[in-house]
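A.B. asks: Sequence below, structure please.
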Amino acid sequence: MTSQTPNQLLRLPFELLHAISSDYLDNPSLKSLRTACPRGIVPVVTGSLLFRNLKLRLGNQFNGEQKLERLQDYLNGYYSQTSTSSQDSIDGNVSLGGIFQHVRKLSVDTRYPFVTTADLVSAREQHTIMSGGMFNYDGRSNGYEIHVTAEEMNLFAGILKTVFRLSKNQLISVRWQTSSYFPEQLHDEMATAFCIPETQRPYILSSSLKICVSKSIQHYLTKISHCDTLEVKYYDAIGRIVYDPKIEFIGKAVRRCERLRSFTIDLRKHRPTILAFNRLWEALEPIEMLESLRFKACNYIFPEKSPKLLASNLRRLDLIKRPYFTSYAYDEALDAFLNSLAASGTQLQRLALTKYSSAIHRFLLKQDQLEDLEIRTKSGIDLSAYMDAFWNQLIPKIQGTLKRLKVYDYDDGPFSWFDYPGNLASDRLKHCKQLEELLISFIDSDEDNKNFILEMVESLAESCPKLRTIYIKFGFGDVDLKLIETEKLLNGWESKNSAVFNGRTIDLVYDKKTYMHELFHLNKSGKTLSPLLYDYFVQKWRLVQEIDDNGKFVYRMRRMDDEYCLYS
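C.D. replies: This is a model prediction of the structure:
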């Protein structure tokens, strides 16, 4: 950068510099530019990109007490600035909120207020059962479950209050993820700050609450109100099946969210009564704006009559039964429910189920706006009778709107892409020109686990011009062995067919829900990470264009960095 460059940058219009920076600079480059040009328009432009999304998470080494103290020092320094020392204003005056004037999306995660140590991670590996994104302990790991100190907890709460006060008037969304591990008093304070009526705030509010049976579900739900999106996951600390959780408190929280647009309830470890579910449906019925509804449970989840809301704005519906097993009562209830939806004229954009049947097929044939279809079945469910109708009737019907398709069964059976003549998936998916995301089996278990990942990628990349993500999923058998074979094929693949690439980015993604000790065997950019509390990790390959030794363009799968994730 020449000595004249900063002055030239300062003379650029905000919109032009913003467009250039957002299109061509990654975060490290934006930080470097911000450091090199600490005054004028550059800090405003870089700040609007770097600090637009702010996530504060309690209880991990990347957001621990030292980082919180540095953030507190910044806040203290901001308040002591003179009007001529601000970085984040065009005219040199102190801008309202400093860097926090740029925050538009605030994400707060208080689900796991634990000190993350190697001992904790190791203990969770030995004494933890993963279930629905929650850690269900056998009771022996409590000694390793160390809460963060009261000082760190209060420091986090104080910083959050200040940041929220400085940024709340320009926020467009607030997402709060919490659990009953979080102290009740601080939960109440945060709920009081976030959950204000829609007419008194500019932001969309999303709340996600995970509640342990041993805690007070009533207390943690009482302050929840005025949410646009509400998610309640009800779990048990030691994995017991509870037959009648206090769903009435969930229903009361729903009633306090008059403008609710999306509702998710996860009761996969519990067996509520039909009466309890009916009361929850009654709470949902008056909500006219509901667009998304997700039920995850292990038993009966349908109302005795179809709620009126389903005929109006509902566009996304997930009815997930886990564990799924054949139940005539459940199947009849599901069929009747879908029939009532069809009769009401409901047109869905997304549907997710854990079975397939003639009634489901008839319902789907009546859908004219379907963009997202997910059918995930378990072993022992024979789907062969429906596959001809699925691939030859349904897929041609929705191929003009279908953007996301996730279909598989754990036996690597009828929902599979094989490079054989007459394979229904191979024949039909190439006509889905709007398809962006796909999950489907590609391993033939009946033929010594023959792997068709490369054939599938080459075929679909060429025939589906908008495809950008293929999710990798394995059924029964040695999953690790199947992954090793798939990795070997992807890492060694090379193509000179330009139609495969065509200037696009296509990712192959494998997410593994694993015990946390796996972290010690994984690297990121050649560096071993510190112990980390996470739910799953993601392995990713990206289709890229490179130049070979002869100067010719070739197309390969580049292994990207592993990502360690918590359920959102």
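
A.B. asks: okay, and the helix or strand of this protein with the least pLDDT?
C.D. replies: Evaluated with mean pLDDT, DSSP states H and E, the helix-and-strand set of the chain has its lowest mean pLDDT in strand 128-131, which scores a mean of 40.

A.B. asks: In the stretch 201-350 of the chain, what residue spans correspond to strands?
C.D. replies: In the stretch 201-350 of the chain, the strands defined using DSSP state E, counting those that start in this stretch lie at 204-212, 229-235, 262-267, 292-297, 316-321, 350-353.

A.B. asks: Using CSV, lay out the ones you listed together with mean pLDDT, distance to residue 179 and mean neighbour count.
C.D. replies: Backbone N, C-alpha and C define where each C-beta goes, glycine included. Putting the strands of the stretch 201-350 of the chain into CSV (pLDDT from 0 to 100; distance: least, C-beta to C-beta, whole Å; neighbours: other C-beta atoms under 10 Å) gives the following:
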stretch, mean pLDDT, distance to residue 179, mean neighbour count
strand 204-212, 92, 4, 22
strand 229-235, 89, 8, 23
strand 262-267, 92, 13, 21
strand 292-297, 90, 17, 19
strand 316-321, 90, 21, 19
strand 350-353, 96, 24, 20
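
A.B. asks: Tabulate these in a markdown table, adding columns for distance to residue 397.
C.D. replies: Below are the strands of the stretch 201-350 of the chain laid out as a markdown table (distance: least, C-beta to C-beta, whole Å):
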| stretch | distance to residue 397 |
| --- | --- |
| strand 204-212 | 33 |
| strand 229-235 | 31 |
| strand 262-267 | 27 |
| strand 292-297 | 23 |
| strand 316-321 | 18 |
| strand 350-353 | 14 |
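
A.B. asks: Which one, of those, ends up nearest to residue 344?
C.D. replies: strand 316-321 (12.5 Å; C-beta to C-beta).

A.B. asks: and the closest residue in space to residue 398 that isn't next to it in sequence, how many neighbours does it have?
C.D. replies: The spatially closest residue to residue 398, leaving aside those adjacent along the chain, is residue 370, at 4.9 Å (C-beta to C-beta, 6 or more residues apart in numbering). Each residue near residue 370 was counted by other C-beta atoms under 10 Å, and the total is 21.

A.B. asks: so what pLDDT did residue 370 get?
C.D. replies: Residue 370 is assigned a pLDDT of 98 by the prediction.

A.B. asks: Can you tell me the element it falls in?
C.D. replies: Element membership of residue 370, judged by DSSP states H and E, is empty: it is in no helix or strand.

A.B. asks: so when I look at residue 32, I'm seeing a strand, right?
C.D. replies: No - residue state for residue 32 (DSSP: H, G, I helix; E, B strand; the rest coil) corresponds to helix; a strand is not indicated.

A.B. asks: Look at residue 470 and give its secondary structure.
C.D. replies: What three-state DSSP gives for residue 470 is strand.

A.B. asks: For the residue nearest to residue 398, give its distance to residue 402.
C.D. replies: Note on residue 370: its distance to residue 402, by C-beta to C-beta, to the nearest Å, is 7 Å.

A.B. asks: repeat for residue 100
C.D. replies: Computed as C-beta to C-beta, the residue 100 to residue 402 distance reads 42 Å.

A.B. asks: Just the pLDDT for the nearest residue to residue 510 once chain neighbours are set aside.
C.D. replies: In space, and not counting its chain neighbours, residue 510 is closest to residue 472: 4.0 Å by C-beta to C-beta, 6+ apart. Reported pLDDT at residue 472 in the predicted model: 94.

A.B. asks: contacting residues around residue 472?
C.D. replies: Residues counted as contacts of residue 472 (C-beta atoms under 8 Å, 6 or more residues apart in numbering) are 439, 453, 483, 486, 508-510.

A.B. asks: which pair in those residues spans the largest distance?
C.D. replies: Maximum pairwise distance among the contacts of residue 472 (C-beta to C-beta): 15.2 Å, between 439 and 483.

A.B. asks: what about residue 100, how many residues close to it?
C.D. replies: For residue 100, the number of neighbouring residues by other C-beta under 10 Å comes to 24.

A.B. asks: That one: what's it in contact with?
C.D. replies: With C-beta under 8 Å, 6+ apart as the criterion, the residues that contact residue 100 are 51, 54, 163, 166-167.

A.B. asks: Quick one: which of those residues is the most crowded by neighbours?
C.D. replies: The most crowded member of the contacts of residue 100 is residue 167, carrying 24 neighbours; neighbours defined as other C-beta under 10 Å.

A.B. asks: Could you double-check that that one sits in contact with residue 101?
C.D. replies: Yes - between residue 167 and residue 101 there is a contact under C-beta atoms under 8 Å: 7.1 Å.

A.B. asks: from what I can see residue 114 touches residue 148, true?
C.D. replies: Yes - between residue 114 and residue 148 there is a contact at 6.8 Å, judged by C-beta under 8 Å.

A.B. asks: residues in contact with the longest strand seen in the chain?
C.D. replies: With DSSP state E setting the assignment, residue counts place strand 536-547 as the longest strand in the chain. The list of residues contacting strand 536-547 from outside it, by C-beta under 8 Å, 6+ apart, reads 457, 461, 490, 500-501, 504-514, 518-519, 522, 553-565, 567.

A.B. asks: what sits opposite the closest residue in space to residue 563 that isn't next to it in sequence in the beta ladder?
C.D. replies: Using C-beta to C-beta, 6+ apart and skipping residues adjacent in sequence, the residue nearest residue 563 is residue 538, 4.3 Å away. For residue 538, the beta-bridge partners are residue 511, residue 563 (DSSP bridges).

A.B. asks: Any idea how many residues pack against residue 538?
C.D. replies: For residue 538, the number of neighbouring residues by other C-beta under 10 Å comes to 15.

A.B. asks: what do you get for residue 14?
C.D. replies: The criterion is other C-beta under 10 Å. On that basis, residue 14 has 12 neighbouring residues.
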